[in-house]
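A.B. asks: Show me the folded form of this:
(one chain, ligands or ions: 1)
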Amino acid sequence: MYKPEIAGFPYDKENDCYICPMGKPLPFKGFDRTADGRLQRNYWTAPSDCRQCSSKPTCAPKARCRKITRTAYDEQYLRAYARQHSRRGKRMKKLRQSTVEPVFGSLVHHYGLRNINVLGKSGAHKVMLLAAVAFNIRKYMRNKPKKSLSMAKAMEAEQPHAHIFNCWLTPVACTQSKREALEAIS
Ligand code: SF4
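C.D. replies: Numbers count the residues shown, from 1 in each chain. Reported below is the predicted structural model:
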């Protein structure tokens, strides 16, 4: 999890370095990549600064000097962090948690959308659209159960493709029927 600052090591933006509790600088030394390809910035002290330091056993016990690694996009991360922790950001987070996130949770856990079983973005887009349609119809039917359910059954009897939507209304994975639905609209 991203931390906006390192306890005891304030950042000196002007000189692009961190300052350790003993007042020694950790200047920028270069870029690096993690095993999964993320770009990082490295900072470390001069070994001569740490060698005689009384805090070395706790600060840099196994290394010659203290090293700090930060994401190369720290500025952007800091902006996002400040935005998320602002009053508006917290309000928006609460709103998101009570509106959009439960929908994603339902789609993943009850509508079989943990995986998308089609290839390509356009296929995935159709799957998401159908899932959203099914979710909204189901929500609507929950509010007006009797009338809407009978309408759905009447639709199925009159229109040959109506079962396509009914299979999406069932909150279980119904892969074969969902594939048929995608083929029918493509
Ligand atoms: S060990 Fe090095 S980095 Fe840590 S407090 Fe001492 S001088 Fe600073």
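
A.B. asks: Could you use CA atoms for every contact and neighbour count after this?
C.D. replies: Fine.

A.B. asks: what about residue 7, how many residues close to it?
C.D. replies: The number of residues packed around residue 7, counting by other CA atoms under 10 Å, is 9.

A.B. asks: so how far is residue 106 from the residue of the chain positioned farthest from its centre?
C.D. replies: Checked against the mean C-alpha position of the chain, the extreme residue using CA atoms, centre = their mean is residue 52, at a distance of 44.0 Å. Separation of residue 52 from residue 106 (CA to CA, to the nearest Å): 58 Å.

A.B. asks: same check, this time on residue 32
C.D. replies: 40 Å.

A.B. asks: Equivalent analysis for residue 80, please.
C.D. replies: If you measure residue 80 against residue 106 using CA to CA, the figure is 27 Å.

A.B. asks: Kindly report the same for residue 12.
C.D. replies: As for residue 12, its distance to residue 106 is 46 Å (criterion: CA to CA).

A.B. asks: Strands of the chain, residue ranges please.
C.D. replies: Under the criterion DSSP state E, strands of the chain are mapped to 11-12, 17-19, 25-33, 39-44, 67-71.

A.B. asks: could I get those strands as JSON lines with mean neighbour count and distance to the ligand?
C.D. replies: Rendered in JSON lines, the data for the strands of the chain read as follows (neighbours: other CA atoms under 10 Å; distance: least, CA to the nearest ligand atom, whole Å):
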{"stretch": "strand 11-12", "mean neighbour count": "14", "distance to the ligand": "13"}
{"stretch": "strand 17-19", "mean neighbour count": "20", "distance to the ligand": "8"}
{"stretch": "strand 25-33", "mean neighbour count": "16", "distance to the ligand": "8"}
{"stretch": "strand 39-44", "mean neighbour count": "18", "distance to the ligand": "8"}
{"stretch": "strand 67-71", "mean neighbour count": "16", "distance to the ligand": "8"}
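
A.B. asks: which stretch among those comes nearest residue 139?
C.D. replies: The closest of those to residue 139 is strand 67-71. By CA to CA, the value is 42.5 Å.

A.B. asks: That closest one packs against which elements?
C.D. replies: For strand 67-71, the contact count by 3 or more CA pairs under 8 Å, 6 or more residues apart in numbering; DSSP states H and E identifies strand 39-44 as packing neighbours.
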